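1. Below: sequence and its predicted model.
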Amino acid sequence: MALLCLLIGVEAATAHTGRTAPGGHEPGGHEQAVLEAEIELDRLAGLLPYAASRTPEQWAHALEELLGRELGFHGLPEDYRRLESSLLQSVLHRRRGLPILLSVVWMEVARRAGAPVYGVGLPGHFVIGFGDPAGSHALADPYNGGRLLSAGDLELLVAGATGTRTPLSAATLHPAGPLEIVLRILNNIRAWAAIRPEQSGVQLWALDFSLLLPHRPARLRHERARLLVERGDFLGGAAELEEYASAIEAMEPGEAEQVRKAARAARARLN
């Protein structure tokens, strides 16, 4: 998990600035940045006080004490406006980031220390769990320094992100797999770039990476096609719009026709 997130960080930083993320130095900057981040994760795990065994709550408190209180890892609202908040190397360097990247830090440090740990992708937020997801477990919020969460806390977190407070089902609290985590990180990068036209290269990179993953949403192909048109590749964008229209025509004929109209409009911009 850490290696994949670190590679995403390197590539996204390069797409953004043409330079490697913090820790990278040319030549061989990419490899050095990844190596330094892995060493830092190992170092952080080595700082955890030894214990022969811990309950889920004790694991949560141990990580909160080390990463949250002693080292100051946490998130703030302004972190949502920074690309660095989605890049693991930068989060390790700044000790600030989005919930999912801080959760990756918690999980990687905890895993190295032998904790039974997993991620939980809530609607609009990301937290971690210790223990057995189907049995005795404890949930914590790395964005808020690793504090332990009650069922009521979870509902408030989701309500704050979605505007609706509803009881959370067991399915909502299922452990997030590596690909689910990676796709959410890429979605955050895409969202950051989408509102910044000058960063369309970062958005295109994140889309291309997302499309390499299994079970990715089909709508990403539509987003990529529209982005190509916005970037001035009218022929390429039109061709991909038509491919997408053909893919959805059987299920959504009306939507397919609208996409074909967009393809014709893109080609017309060449005249």
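-> Noted; the coordinates are in hand. The structure presented is a predicted model; accordingly, all values stated were derived computationally and were not measured.

2. can you give me the strands for the chain?
-> Shown for the chain, the strands assigned by DSSP state E span residues 117-122, 125-131, 137-141, 147-149, 175-176.

3. and of the ones you listed, who's closest to N271?
-> The closest of the strands of the chain to N271 is strand 117-122. By Cβ to Cβ, the value is 46.0 Å. Backbone N, C-alpha and C define where each C-beta goes, glycine included.

4. for the strands of the chain, which one sits closest to A225?
-> When these are compared by Cβ to Cβ, strand 117-122 sits nearest A225, at 27.2 Å.

5. for the closest one, the distance to its chain's centre please.
-> With Cα atoms, centre = their mean, to the nearest Å as the basis, strand 117-122 stands 12 Å off its chain's centre.

6. how about the nearest residue to G72, chain neighbours excluded?
-> Take G72 and drop its neighbours on the chain: the residue closest to it by Cβ to Cβ, 6 or more residues apart in numbering is R95, 5.2 Å away.

7. ok, how many other residues are close to that neighbour?
-> Residues lying near R95 (other Cβ atoms under 10 Å) number 16.

8. now do S53
-> S53 has 7 neighbours, counted by other Cβ under 10 Å.

9. for the one 3 residues further on, same thing?
-> The number of residues packed around P56, counting by other Cβ under 10 Å, is 21.

10. contacting residues for the residue nearest to it when sequence neighbours are not counted?
-> Nearest non-adjacent residue to P56, counting by Cβ to Cβ, 6+ apart: G131, 3.3 Å away. With contacts defined as Cβ atoms under 8 Å, 6 or more residues apart in numbering, G131 is in contact with T55, P56, W59, P116, H137, A138.

11. and G131, what are its bridge partners?
-> Listed beta-bridge partners, G131: H137 (assigned using DSSP bridges).

12. thinking again about what came up before, distance to L235 added to the strands of the chain, as a markdown table?
-> Converted to a markdown table, those look like this (distance: least, Cβ to Cβ, whole Å):
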| stretch | distance to L235 |
| --- | --- |
| strand 117-122 | 38 |
| strand 125-131 | 39 |
| strand 137-141 | 47 |
| strand 147-149 | 51 |
| strand 175-176 | 39 |
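
13. give me every residue that touches the closest residue in space to L101 that isn't next to it in sequence.
-> Spatially, and ignoring its direct neighbours in sequence, L101 is nearest to V91 (4.6 Å; Cβ to Cβ, 6+ apart). Residues near V91 by Cβ under 8 Å, 6+ apart: E84, S85, G97, L101, L102, V104, V105.

14. From R82, how far out is V91?
-> V91 sits 10 Å away from R82, going by Cβ to Cβ, to the nearest Å.

15. Next: S90.
-> With Cβ to Cβ as the criterion, S90 and R82 are 8 Å apart.

16. Comparing the two, which shows the higher neighbour count?
-> Shown here are S90 and R82; by other Cβ under 10 Å, S90 has more neighbours (23 against 15).

17. Next, count neighbours for the closest residue to that one other than its chain neighbours.
-> Distance criterion Cβ to Cβ, 6+ apart; nearest residue to S90, sequence neighbours excluded, is E84 at 3.7 Å. Neighbourhood size, E84 [other Cβ under 10 Å]: 21.

18. one step back: tell me the pLDDT at the residue nearest to L101?
-> Residue-level confidence at V91 comes out at 98, pLDDT.
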